[in-house]
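# Provide a 3D model corresponding to the input given below.
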Amino acid sequence: MEMPQFTVSQDAEGVFQFKGELTIHNIDHLKRFFDTSFVQAKKISICMVEVIFADAASLQLLIAFRRSLKPDTEWNLLELSSELEKILEISGLKTALVE
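Numbering: from 1, shown residues only. You can find the predicted model right below:
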């Protein structure tokens, strides 16, 4: 099995730190992470300041996951890397993930 090109860690405040590249090649790993880490979460905070790339498949997964959350679940997409910021602006998907 290929190692994911990204890592996820959680800091002392409970913020999940994503690092690396989010691509179709590791989308199964990312989906399993979402499915297991946020089952009963009332607040989800993700920092993506160290994400250097995200392709369309990973962005679609992030958006689908966000839309599947219960209305009372708080979603916080914190700091974005400049690369990810550009990708979201160019694709027109920024408002779907950051509000």
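# from here on, contacts and neighbour counts on C-alpha atoms
Fine.
# So G14: helix, strand or coil?
Three-state assignment for G14 (DSSP: H, G, I helix; E, B strand; the rest coil): coil.
# Which strand or helix spans the most centrally placed residue in the chain?
When C-alpha atoms, centre = their mean is applied to the chain, the residue found nearest the centroid is L62 (5.4 Å). Using DSSP states H and E, L62 maps to helix 56-68.
# If you count neighbours, what's buried in that helix?
Residues 58-59, 61-62, 66 are the ones in helix 56-68 that count as buried (16 or more other C-alpha atoms under 10 Å).
# ok, now stretch 20-30?
For stretch 20-30, a neighbour-count test (16+ other C-alpha under 10 Å) marks 20-27, 30 as buried.
# can you pull out the helices in the chain?
Remark: helices assigned in the chain by DSSP state H are 27-37, 56-68, 82-91, 94-97.
# got the ones you listed as a markdown table, with mean pLDDT and distance to E74 columns?
Shown next, in a markdown table, are these (pLDDT from 0 to 100; distance: least, C-alpha to C-alpha, whole Å):
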| stretch | mean pLDDT | distance to E74 |
| --- | --- | --- |
| helix 27-37 | 88 | 15 |
| helix 56-68 | 93 | 10 |
| helix 82-91 | 93 | 21 |
| helix 94-97 | 90 | 12 |
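# For my notes, please list those in JSON lines and give distance to G14 for each entry.
Formatted as JSON lines, those follow (distance: least, C-alpha to C-alpha, whole Å):
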{"stretch": "helix 27-37", "distance to G14": "12"}
{"stretch": "helix 56-68", "distance to G14": "18"}
{"stretch": "helix 82-91", "distance to G14": "22"}
{"stretch": "helix 94-97", "distance to G14": "19"}
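# Figure out which of those is closest to N76.
helix 94-97 (8.9 Å; C-alpha to C-alpha).
# what number of residues lie near A54?
17 (other C-alpha atoms under 10 Å).
# Tell me what it is bridged to.
For A54, the beta-bridge partners are L22 (DSSP bridges).
# next one: E50
K19.
# Against E74, how distant is it?
22 Å (C-alpha to C-alpha, to the nearest Å).
# ok, now F18?
F18 is 18 Å from E74, where distance means C-alpha to C-alpha.
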